[in-house]
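J.: this one's sequence-less:
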């Protein structure tokens, strides 16, 4: 009996499916307006793919988002708007909703269009840690976001990524060259205000035993 061709037998599914056409931001927004997505669905557009965000949020995740928001509002000062889980229009095929984004200006500057970049983007990560370190980092770097924070709830650290640079092996052809990890009782500073340190523990929810 002739054995099947081993190489053919293990072809990845992507190689035998017809190519998919990516969603544009306009199509994604129009689909939402027409009610094609469920009212409780939390969705992002990442590189033309509609991605479902983790829901419902766990309490530590929600708490950390609020803590990061408060800390960045204190250091950003006037001239910046700190946005929570609101869209960024990053090119034709991406509309992520980062947990935190600090943009230049005020809320009224974005009444007609979402911001197209940010001076700082932050994600609070637990189950999404790998995705946030790879795909999200590459996306934000490709948009020229100079500073990306990952509040790592798994290891209770703050990961600060800077220096967006071209990197051909990354999902969007870019990522960050600089990575700094900080843990309590250390402090961290943002490029927004390097003279105003933030306590890392102030960004993290308390442990159950605390």
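T.: Received it, and whenever you're ready, just let me know what you need. All values reported here derive from a predicted model rather than from experimental measurement.
J.: now for the longest helix seen in the chain, which elements pack on it?
T.: The longest helix of the chain (DSSP state H) is helix 59-76. Applying 3 or more Cβ pairs under 8 Å, 6 or more residues apart in numbering; DSSP states H and E, one finds that helix 59-76 contacts strand 80-84, strand 100-104, strand 120-125, strand 147-152, strand 193-199. All C-beta atoms are positioned from the backbone trio N, CA, C, and that covers glycine.
J.: which other helices and strands contact the second one?
T.: Taking 3+ Cβ pairs under 8 Å, 6+ apart as contact, the helices and strands that strand 100-104 lies on are helix 59-76, strand 80-84, strand 120-125.
J.: follow-up on the earlier one: quick one: work out the angle between the longest helix of the chain and strand 147-152.
T.: 150 degrees (axes from the mean of the first three to the mean of the last three Cα atoms, to 10 degrees).
J.: contact partners of helix 59-76?
T.: For helix 59-76, the external contacting residues (Cβ atoms under 8 Å, 6 or more residues apart in numbering) are 82, 84-85, 99-100, 102, 120, 122, 124, 126, 149, 151, 153, 190, 192-193, 196, 198, 202-205.
J.: let's see 6 Å
T.: For helix 59-76, contacts defined as Cβ atoms under 6 Å, 6 or more residues apart in numbering pick out 82, 84, 99-100, 102, 122, 124, 151, 153, 192-193, 196, 198, 202-203, 205.
J.: which one (most neighbours) among those residues?
T.: residue 122 (30 neighbours; other Cβ atoms under 10 Å).
J.: isn't that residue right up against residue 147?
T.: No - between residue 122 and residue 147 there is no contact under Cβ atoms under 6 Å: 8.9 Å.
J.: re the thing from before, just put the helices and strands packed on helix 59-76 in CSV and tack on mean pLDDT.
T.: Output for the helices and strands packed on helix 59-76, formatted as CSV (pLDDT from 0 to 100):
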stretch, mean pLDDT
strand 80-84, 97
strand 100-104, 98
strand 120-125, 97
strand 147-152, 98
strand 193-199, 94
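J.: want to try CSV for those strands, with distance to residue 18 as columns?
T.: What follows is the helices and strands packed on helix 59-76, written out as CSV (distance: least, Cβ to Cβ, whole Å):
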stretch, distance to residue 18
strand 80-84, 38
strand 100-104, 35
strand 120-125, 33
strand 147-152, 35
strand 193-199, 49
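J.: and these: which comes nearest residue 113?
T.: strand 100-104 (11.7 Å; Cβ to Cβ).
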